[in-house]
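Asks: Need a 3D model of the sequence below.
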Amino acid sequence: MFLLLMQFLILHVDKLIGKDIPFYIIIELIATNLAYMVVLAAPMAVLVATLMAFGKFSELNELTALRASGVNPIRIIQPVLIASFFLGFFLIWFSNNVLPEANSKARSLFMDIRVKKPGFDLKPNVFYDGIEGYTFLVRNIDNETDSLYNITLFQEPGNNKKRAYIRAERGFLQSEGAQGLTLILEDGEILRYLQRNRGTGSEDQEKTSFNRHRLTFDLSELEFSRSDPSGRSESDRTMSAQAMGAVVDTLRMEVSSYSENSSKNSSFDYLYGDATSNPFISSDDLNFRPDTSKVSDVELAAFIPDFYSLQFFPKDAQQRRILDLARTNILQENTYFESTTSNIIWRLKRINRFLVEIHKKFSIPMACVVFVLLGAPIGMMTRKGNFGYAAIISAVILTIYWVSIIQGEKMADRLFITPFFGMWAFNLVFSGVGILMILHLSTELKLTRLFSKRA
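Replies: Numbers count the residues shown, from 1 in each chain. I've put the predicted structure just below:
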């Protein structure tokens with residue numbers, strides 16, 4: 001959990017610093033993101049704990065003593081395996097009922113923080129435009145007295161204000177509560193740009209000097225505001241398995257509807273459609289047959305696959321119109337099929353994306369069982385129960401496992417493999433390897449003997 005939390009803070013610390021976000025909002029953001037960390041950390045912790053426990057068990061020769069007493073290692077692994085099943089079922093419930101709500105709140109908080117503007121923070125010789133309609137440039141700031149020197153202020157037009165350029169020798173800030181700020185300027189001048197002259201197209205300018213000038217700014221837009229998470233659109237990470245299953249059913253019905261409509265629209269004659277209703281074809285044209293008696297068999301064989309049907313129409317103008325009509329119909333049909341194919345593929349990818357998340361809610365929690373099956377025999381074989389060995393071995397196994405999960409998810413999203421295979425393949429592989437290793441420790445079954453006999 002500590003490693004995952006540090007990773008989260010390193011990735012997102014730049015989004016939290018410098019925006020005057022209340023401390024309790026940061027704590028809430030971390031708390032809501034702890035939910036997904038629990039689901040990821042539990043299987044990892046099971047693997048490390050199993051390696052350490054059974055490694056120490058074997059290192060202290062307690063495994064040897066029990067085996068000498070007739071106790072099978074499977075009976076030693078059995079209670080830990082049962083506990084891992086209970087932990088896996090709890091994580092399945094947690095990831096299906098608690099995690100989506102936590103992800104929804106965390107996602108909403110992230111969006112609120114992203115749109116939050118930085119706080120009012122003037123720095124010497126740095127332009128500041130955090131307040132809408134104004135741009136500040138201060139040459140020097142006395143931090144002890146909060147006095148400002150050599151101030152330049154650009155005022156943009158809007159809200160009954162003219163475009164203006166304000167310069168002052170000195171100034172200081174006064175707070176007007178949590179949402180107000182007053183800037184007092186001394187010994188300066190204001191250059192205002194008035195409306196344009198209709199005749200010349202130029203702007204009138206008005207320049208005034210002042211000994212003391214007061215500006216009040218509304219800082220309410222700089223305050224952090226919360227939005228309602230339920231008002232935002234849901235994604236696969238913020239939905240339960242039941243909700244995603246309903247979306248998958250709807251998408252499958254849409255795919256089926258597109259396929260049926262495509263098959264219905266694919267059966268029409270590209271050349272002239274319904275000949276009896278075609279305006280270019282008369283009754284005499286329908287009864288017309290080309291005279292092929294003067295055409296050689298070779299010429300006829302080369303001619304028939306192309307536009308043999310056009311010979312039903314003796315006039316060149318009719319043939320050209322029929323060809324134009326056929327070309328238009330073909331282009332329309334091709335456009336329709338491309339659009340239909342694109343819609344079907346988009347929906348199939350969405351179906352796979354939701355199915356991947358559904359399988360993930362089960363495959364990752366059940367990794368607790370898989371890691372017991374794999375970690376117990378490895379711990380017994382290494383005969384080392386310290387954290388160093390467990391950390392090294394678990395790092396290798398977890399790296400392979402998480403890379404397989406990530407790649408399986410990407411390949412399933414791109415329709416290369418099924419969502420089940422993408423999420424469960426390495427669970428099944430690791431389980432098979434663990435079971436074979438347990439059988440190797442608990443029975444007379446030795447894979448090396450099997451290979452040696454075959455040899």
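Asks: Name the helix or strand for Leu439, please.
Replies: helix 419-442 (DSSP states H and E).
Asks: Which strands or helices does that helix pack on?
Replies: On a contact count with 3 or more CB pairs under 8 Å, 6 or more residues apart in numbering; DSSP states H and E, helix 419-442 meets helix 73-93, helix 316-363, helix 367-382, helix 387-413. Bear in mind the C-beta positions are built from the backbone N, C-alpha and C, glycine included.
Asks: which stretches of the stretch 1-150 of the chain have low pLDDT?
Replies: Along the stretch 1-150 of the chain, the model assigns pLDDT under 70 to residues 15-20, 114-121, 144-146.
Asks: how distant is the helix or strand harbouring Asn150 from the center of its chain?
Replies: Assessed by DSSP H and E, Asn150 sits inside strand 147-155. Computed by CA atoms, centre = their mean, to the nearest Å, the chain-centroid distance of strand 147-155 equals 44 Å.
Asks: Over to stretch 423-438?
Replies: 29 Å.
Asks: Likewise for stretch 405-417?
Replies: The answer for stretch 405-417 is 14 Å, by CA atoms, centre = their mean.
Asks: Repeat that for stretch 398-408.
Replies: With CA atoms, centre = their mean, you get 17 Å for stretch 398-408.
Asks: same question, stretch 23-38
Replies: Distance, centroid of stretch 23-38 to centroid of chain: 19 Å (CA atoms, centre = their mean).
Asks: Buried residues of the helix or strand just after the strand holding Asn150, list them for me.
Replies: Proceeding N to C from strand 147-155, the next assigned helix or strand is strand 163-175, under DSSP H and E. Using 16 or more other CB atoms under 10 Å as the test for burial, strand 163-175 gives Ala164, Ile166, Ala168, Arg170, Gly171.
Asks: Same question for stretch 62-72.
Replies: Neighbour counts using 16+ other CB under 10 Å place Leu63 of stretch 62-72 among the buried residues.
Asks: hmm, who's touching it?
Replies: For stretch 62-72, the external contacting residues (CB atoms under 8 Å, 6 or more residues apart in numbering) are Phe54, Phe57, Ser58, Pro73, Ile76, Met380, Ser442.
Asks: Wait, the second one touches Thr382, no?
Replies: No - the pair Phe57 and Thr382 does not pass the contact test of CB atoms under 8 Å, sitting 11.3 Å apart.
Asks: So between those two, which is more surrounded?
Replies: Neighbour totals were compared for Phe57 and Thr382, and Phe57 leads with 20 against 16 (other CB atoms under 10 Å).
Asks: sorry, back to before: list the buried ones in the helix holding Leu439?
Replies: Applying 16+ other CB under 10 Å to helix 419-442 flags 419, 422-427, 430-431, 434, 437-438, 441-442 as buried.
Asks: now do stretch 409-418
Replies: Glu409, Met411, Ala412, Asp413, Ile417, Thr418.
Asks: show me the contacts for the fourth one.
Replies: Taking CB under 8 Å, 6+ apart as the definition of contact, the neighbours of Asp413 are Lys349, Asn352, Arg353, Val356.
Asks: what about it, distance to Met1?
Replies: Asp413 sits 28 Å away from Met1, going by CB to CB, to the nearest Å.
Asks: Which of the buried residues of strand 163-175 sits closest to Gln332?
Replies: Nearest to Gln332 among the buried residues of strand 163-175, counting by CB to CB, is Ala164 at 59.6 Å.
Asks: Any idea what the nearest residue to the closest one once chain neighbours are set aside is bridged to?
Replies: Nearest non-adjacent residue to Ala164, counting by CB to CB, 6 or more residues apart in numbering: Gln155, 4.1 Å away. In this entry, Gln155 is beta-bridged to Tyr134, Ala164, by DSSP bridges.
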